[in-house]
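Undergrad: for reference, the sequence and a predicted model appear below.
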Amino acid sequence: QVQLVESGGGLVQAGGSLRLSCAASGRIFRINAMGWYRQASGKQRELVARITSGDITNYPDSVKGRFTISRDSAKNTVYLQMNSLKPEDTAVYYCNADLYEDRWSRVMAYWGKGALVTVSS
C-alpha cells in the first residue's frame with residue numbers, strides 16, 4: 001500500500017505565502033511524477049502544479065509565477081510554495097503521485113486526503 005500525507009495548509013491573508021508538503025510512503029519502486037491539484041467548493045478538481053522524475057514542471061496560467069513545485073526524490077516528498085495568494089486560491093489541495101509499486105506493475109495514481117488552504121481578503 002502507498003500513502004500520501006499532506007501538511008502545511010491553513011489560513012492566510014491575501015498576498016501572503018504558504019508551503020505545502022506531501023510525503024509518499026509504502027510500497028514504492030519508482031515515482032514517475034508528483035503533483036498538486038485543488039478543488040474549490042462547487043468546482044471541479046484542477047491541476048495546480050506537476051513535476052516529473054526528470055524535474056519537468058507544469059503549471060496552469062492561474063498560478064504561473066506565483067506557485068513553485070519542487071521535490072526531494074530521496075524522501076519521496078513534493079513541496080508547493082505558494083506566494084502572492086489570492087482569495088480565489090482557497091480550496092482543498094490534494095497531493096497526487098503516479099508511481100510503480102514494483103518493477104512488474106503498471107503505473108498507478110495515488111491521492112492524499114487533502115489540505116485546506118483558505119485565503120482571506
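TA: Ah, there it is.

Undergrad: every contact and neighbour count from this point should use C-alpha atoms.
TA: Fine.

Undergrad: at the geometric centre of the protein, which residue do we find?
TA: The C-alpha lying nearest the average C-alpha coordinate of the chain belongs to residue 36 (C-alpha atoms, centre = their mean; 2.4 Å).

Undergrad: how about the nearest residue to that one once chain neighbours are set aside, phi and psi?
TA: Leaving aside its sequence neighbours, residue 36 sits nearest to residue 95 (C-alpha to C-alpha, 6 or more residues apart in numbering; 4.7 Å). Note on residue 95: backbone dihedrals following degrees, to the nearest 10 are phi -90, psi 140.

Undergrad: which other residues reach stretch 90-110?
TA: With C-alpha atoms under 8 Å, 6 or more residues apart in numbering as the test, stretch 90-110 has contacts from 2-6, 22, 24, 27-41, 111-119.

Undergrad: now stretch 54-62, how far from the centre of its chain.
TA: Centroid separation between stretch 54-62 and its chain, computed with C-alpha atoms, centre = their mean, to the nearest Å, is 11 Å.

Undergrad: correction: stretch 29-39
TA: Worked out by C-alpha atoms, centre = their mean, stretch 29-39 lies 7 Å from the chain centre.

Undergrad: what about that stretch, average pLDDT?
TA: Averaging pLDDT along stretch 29-39 gives 97.
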